[in-house]
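> Structural data only, the sequence is not supplied:
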């Protein structure tokens with residue numbers, strides 16, 4: 001009778017230990033996922049700041065070039081700047097599309113790793 005009680009206590013202790021380990025593993029997995037999400041958000045923030053900075057720099061360059069242009073070549077310079085601006089906007093669109101694709105793939109990877 002006493003052995004049965006001791007065995008029951010040991011079995012219950014083992015069950016509790018297994019539950020504890022499972023809960024700890026789940027918490028570690030959740031922490032890793034949250035850390036990955038934080039890192040992705042930080043990376044996006046840095047990329048957005050770099051794009052914003054590039055836009056500001058291009059605008060400063062455009063303003064400086066336009067101010068320095070003489071009446072004779074002002075039209076040519078403005079047209080060149082418009083082309084450069086269009087190219088810069090296109091590049092930004094491409095970078096944004098690439099960033100969104102990267103985020104989508106990362107999300108798929110994260111979603112796949114949860115299952």
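Okay, I see it. Here the structure is a predicted model, which is why all the values come from computation and not from measurement. Residues are numbered from 1 along each chain as shown.
> what kind of secondary structure is the nearest residue to residue 99 once chain neighbours are set aside in?
The shortest distance from residue 99 to any non-neighbouring residue, by CB to CB, 6 or more residues apart in numbering, is to residue 47 (6.1 Å). For every residue, glycine as well, the C-beta is placed using N, CA and C. What DSSP: H, G, I helix; E, B strand; the rest coil gives for residue 47 is helix.
> Report the separation between the residue nearest in space to the middle of the chain and residue 88.
Centroid-nearest residue in the chain: residue 40, 3.0 Å away (criterion: CA atoms, centre = their mean). The spacing between residue 40 and residue 88, counted by CB to CB, to the nearest Å, is 26 Å.
> one step back: not counting residues beside it along the chain, what's closest to the residue nearest to the centre of the chain?
Nearest to residue 40 is residue 106, by CB to CB, 6+ apart, at 6.2 Å.
> after the helix or strand harbouring the residue nearest to the centre of the chain, next one along is what?
Secondary structure assignment for residue 40, by DSSP states H and E: helix 2-68. Heading C-terminal from helix 2-68, the first helix or strand you meet, by DSSP H and E, is helix 74-114.
> so what does that next one touch, helix or strand wise?
Counting contacts by 3 or more CB pairs under 8 Å, 6 or more residues apart in numbering; DSSP states H and E, helix 74-114 is packed against helix 2-68.
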